[in-house]
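[1] all I have is the shape, not the residue letters:
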Ligand code: DGT
Ligand code: CA
Ligand code: CA
Ligand code: ZN
């Protein structure tokens with residue numbers, strides 16, 4: 001974690017605690033400051049060293065907040081924050097992780113019941129004490145109780161999008177060391193799971209000690225958790241990073257083993273046993289002539305282990321792409337030579353769900369088209385928010401504004417230097433009943449309509465199913481955007497009957513989106529697989545609000561791969577003509 005992140009975290013806590021004690025306006029100022037400190041490119045500790053004025057140069061950081069930041073670097077604490085902490089000794093970060101519990105709730109529940117931790121919150125809810133507090137009711141209490149397990153789980157796991165850049169940085173650092181022959185990520189992050197418990201790294205080297213030493217000295221590591229002869233763990237950006245160092249001839253076996261999942265490994269190991277082979281993290285061994293196969297880890301004749309592909313091939317299997325290794329039929333498919341030909345990130349020909357400064361994006365239509373061109377895209381769809389439920393203030397476009405934007409998009413497309421086919425569309429809203437809240441005549445004129453749920457995300461499963469079925473059956477809807485509306489580690493979203501929704505989508509010719517924003521990643525792998533089985537197309541879109549967010553496409557592609565998506569299943573891996581044909585159909 002950089003010190004900018006650290007200070008931003010403190011300012012956010014400050015904001016929460018001010019809000020909990022009923023202070024108005026100031027919390028917003030602290031949150032804005034936090035955001036800008038986090039995004040600021042210069043290290044905050046350097047600015048603080050130069051003094052308050054240098055810190056106050058950061059956008060939205062006023063003199064008062066700048067003084068507190070300097071105080072923190074000079075004394076190791078902020079006096080006023082310490083005072084707020086003793087006034088309200090509750091774990092505000094943990095408690096506000098529960099959906100429906102904000103800082104004010106934390107303040108009230110502490111005052112009335114002395115609640116300071118998640119456990120105490122749960123006890124109070126179970127005992128029916130919360131409903132007795134003024135301003136709370138039985139329904140609120142029930143919601144809190146329902147949401148506690150999710151909050152507990154969320155605090156333990158890191159989002160893929162937060163962990164992957166850390167893993168990539170660690171990997172390139174290790175790759176640059178002389179003693180390292182090869183380096184790879186393994187574990188859930190190599191399988192591209194949407195959340196990960198820890199980052200697992202593997203290195204092949206015949207000099208273990210210097211590699212371990214260099215790893216614990218990695219500049220981005222905040223602390224060493226443990227260090228041994230062949231493995232070490234550090235903490236970086238709040239996530240645990242495990243490294244194992246093995247010999248080159250065992251690298252493939254270790255990579256296979258530590259990639260998991262456990263269930264996949266069990267299935268593969270059983271296949272080895274059927275062939276009188278022994279598979280473990282050290283290699284694949286022929287034990288047909290061995291009296292006691294359990295006598296050691298490296299017994300019998302080594303038949304594979306240097307490469308992972310070699311391990312699978314020696315088991316008469318196609319090498320299994322990591323995303324499939326969840327024991328969902330991939331072992332049998334690999335044995336039959338029936339693995340899917342998975343879509344690749346560089347096969348994406350354009351993004352079909354993006355925003356500009358016409359709604360809540362930060363960049364112009366022209367800048368977003370240019371960014372798409374830079375990424376080699378052939379197609380780019382502009383789909384700003386339509387006004388409607390769940391879209392705040394006046395960020396969403398009404399019918400007149402959509403018509404006006406059509407002209408602006410046509411103009412920008414005309415002027416764009418690169419040869420990108422620009423589509424004009426909208427991200428329309430699916431209301432709680434499944435109606436699309438933009439006029440049909442307006443929708444009919446657009447190249448593409450993405451329809452997404454943005455409101456009523458706490459509705460029950462039956463209502464959610466009906467809602468999404470009605471939306472995908474709408475004649476002008478082309479893509480169902482982020483189908484559940486979940487925000488990973490923050491809110492679960494709706495839980496429709498997936499089969500029913502994807503069947504309706506397939507029948508209506510509506511594509512199911514994999515939203516590549518790493519906070520969303522829905523549809524998830526399971527829904528993608530159901531959609532493909534039902535015959536629905538998949539759209540892998542970033543929902544970018546800025547050019548750099550177009551680079552999130554890889555998270556969406558790997559999520560689609562977890563759902564066994566082949567190139568042909570993905571709408572925006574088709575040619576511009578193919579995409580047009582689908583949208584017109
Ligand atoms: P995570 O970190 O919770 O997101 O999930 P993984 O899959 O990365 O799990 P982790 O970090 O505990 O271990 C990495 C891989 O190592 C795991 O996917 C499979 C393998 N592995 C670790 N311990 C065991 C074990 O006791 N038995 C088996 N079969 N495999 C193991
Ligand atoms: Ca892991
Ligand atoms: Ca691990
Ligand atoms: Zn969007």
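    Now that the structure is in, tell me what you want to look at. Because the structure is predicted, anything quoted here is derived from the model rather than measured. Ligands and ions are numbered 1, 2, ... in the order given.

[2] any residues of this structure in contact with ligand 1? List them.
    187-188, 193, 196-198, 200, 257-258, 260-262, 265 (CB under 6 Å from any ligand atom). C-beta here means a position set from N, CA and C on the backbone, and glycine is covered the same way.

[3] for these, which one is nearest residue 27?
    Nearest to residue 27 among the residues of the chain next to ligand 1 is residue 196, at 31.4 Å by CB to CB.

[4] contact partners of stretch 388-405?
    358-360, 365, 382, 384-387, 424, 426, 428-429, 431-432, 437-439, 441-442, 445-446, 453-456 (CB atoms under 8 Å, 6 or more residues apart in numbering).

[5] try it again at 7 Å.
    358-360, 384-387, 426, 429, 431, 437-439, 442, 454-455 (CB atoms under 7 Å, 6 or more residues apart in numbering).

[6] isn't residue 385 right up against residue 360?
    Yes: using CB atoms under 7 Å, residue 385 is in contact with residue 360, at 6.3 Å.

[7] what's the local residue count around residue 75?
    9 (other CB atoms under 10 Å).

[8] circling back: pull out the buried residues from the residues of the chain next to ligand 1.
    187, 188, 193, 196, 198, 200, 257, 258, 260, 261, 265 (16 or more other CB atoms under 10 Å).

[9] just the closest of those residues to residue 335, please.
    Nearest member of these to residue 335, counting by CB to CB, is residue 265, at 15.4 Å.

[10] list the residues that contact whatever residue of the stretch 101-250 of the chain ends up closest to ligand 2.
    In the stretch 101-250 of the chain, no residue comes nearer to ligand 2 than residue 187, which is 3.2 Å away by CB to the ion. By CB under 7 Å, 6+ apart, the contact list for residue 187 reads 199, 200, 258, 259, 260.

[11] which helix or strand contains the third one?
    Under the criterion of DSSP states H and E, residue 258 resides in helix 251-259.

[12] what packs against that helix?
    strand 182-186, helix 187-190, strand 199-204, strand 239-246, helix 308-314 (3 or more CB pairs under 7 Å, 6 or more residues apart in numbering; DSSP states H and E).

[13] need these in TSV with distance to ligand 4 and mean pLDDT, can you?
    What follows is the helices and strands packed on helix 251-259, written out as TSV (distance: least, CB to the ion, whole Å; pLDDT from 0 to 100):
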stretch	distance to ligand 4	mean pLDDT
strand 182-186	29	98
helix 187-190	26	98
strand 199-204	29	98
strand 239-246	28	96
helix 308-314	38	98
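
[14] okay, the ones you listed, which one's buried deepest?
    strand 199-204 (a mean of 25; mean count of other CB atoms under 10 Å).

[15] stretch 191-210 close to ligand 2?
    Yes: counting by CB under 5 Å from the ion, ligand 2 has neighbours in stretch 191-210: 198, 200.

[16] any part of that stretch near ligand 3?
    Yes: Stretch 191-210 reaches ligand 3 (CB under 5 Å from the ion) through 198, 200.

[17] tell me the buried residues in stretch 344-363?
    Going by neighbour count (16+ other CB under 10 Å), the buried part of stretch 344-363 is 345, 348-356, 358-359, 361, 363.

[18] now stretch 227-238
    For stretch 227-238, burial by neighbour count (16+ other CB under 10 Å) applies to 231, 232, 233, 234, 236, 237.

[19] in CSV: those, plus distance to residue 487 and pLDDT.
    Listed next are these as CSV, based on distance: CB to CB, whole Å; pLDDT from 0 to 100:
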residue, distance to residue 487, pLDDT
231, 34, 95
232, 33, 96
233, 29, 95
234, 28, 94
236, 24, 93
237, 19, 89
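
[20] for residue 188, see how far away the closest residue to ligand 1 within the stretch 251-400 of the chain is.
    Ligand 1 sits closest to residue 260 of the stretch 251-400 of the chain, with a gap of 1.8 Å, by CB to the nearest ligand atom. Remark: distance between residue 260 and residue 188 (CB to CB, to the nearest Å) = 7 Å.

[21] how about residue 61?
    37 Å.

[22] wait, is residue 450 part of a strand?
    Yes: under DSSP: H, G, I helix; E, B strand; the rest coil, residue 450 falls within a strand.

[23] go through the buried residues of stretch 344-363 and flag which are in strands.
    With strands taken from DSSP state E, the overlap with the buried residues of stretch 344-363 comprises 350, 351.

[24] among the buried residues of stretch 344-363, which two are most distant?
    Greatest spatial distance among these (CB to CB): 345 and 358, at 27.9 Å.

[25] longest strand in this structure, by residue count?
    Max-length strand for the chain by DSSP E is strand 421-430.

[26] returning to that earlier point: which among the residues of the chain next to ligand 1 gets closest to residue 555?
    Residue 555 lies nearest to residue 193 out of the residues of the chain next to ligand 1, by CB to CB, at 11.1 Å.

[27] may I have the phi/psi pair for the closest one?
    In terms of degrees, to the nearest 10, the main-chain angles of residue 193 are phi -60, psi 150.

[28] and residue 489, by the same measure?
    Main-chain dihedrals, residue 489, degrees, to the nearest 10: phi 70, psi 10.

[29] quick check, central residue of the protein?
    residue 518 (2.6 Å; CA atoms, centre = their mean).

[30] surely that residue meets residue 163?
    No: here residue 518 does not reach residue 163: they are 9.3 Å apart, not a contact under CB under 7 Å.

[31] over to residue 512: give its phi and psi.
    Main-chain dihedrals, residue 512, degrees, to the nearest 10: phi -100, psi 130.

[32] can you check the pLDDT for the residue lying closest to the residue nearest to the centre of the chain once chain neighbours are set aside?
    With sequence-adjacent residues excluded and distances taken as CB to CB, 6 or more residues apart in numbering, residue 518 is closest to residue 161, at 2.3 Å. With respect to pLDDT, residue 161 has a value of 96.

[33] what of residue 572?
    Residue 572 is given a pLDDT of 98.

[34] residue 492 too?
    For residue 492, the pLDDT comes out at 89.

[35] so how far is ligand 4 from residue 374?
    Shown here: residue 374 relative to ligand 4, a distance of 21 Å by CB to the ion, to the nearest Å.

[36] mind checking the SS state of residue 402?
    Secondary structure for residue 402, judged by three-state DSSP, is helix.

[37] so what pLDDT did it get?
    pLDDT, residue 402: 98.

[38] with residue 1 instead?
    53.

[39] which residue ranges of the stretch 351-500 of the chain form helices?
    Assigned by DSSP state H, counting those that start in this stretch, the stretch 351-500 of the chain shows helices spanning 365-374, 399-415, 440-444, 461-473, 498-508.

[40] now those helices as TSV including mean neighbour count and distance to ligand 3?
    TSV is the format used below for those (neighbours: other CB atoms under 10 Å; distance: least, CB to the ion, whole Å):
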stretch	mean neighbour count	distance to ligand 3
helix 365-374	21	36
helix 399-415	16	47
helix 440-444	15	48
helix 461-473	20	34
helix 498-508	20	30
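
[41] buried residues in the worst-scoring helix or strand of the chain on mean pLDDT?
    None of the helices or strands of the chain scores lower by mean pLDDT, DSSP states H and E than helix 138-156, at a mean of 86. If you call a residue buried by 16+ other CB under 10 Å, then helix 138-156 has these buried ones: 140, 141, 143, 144, 145, 147, 148, 150, 151, 154.
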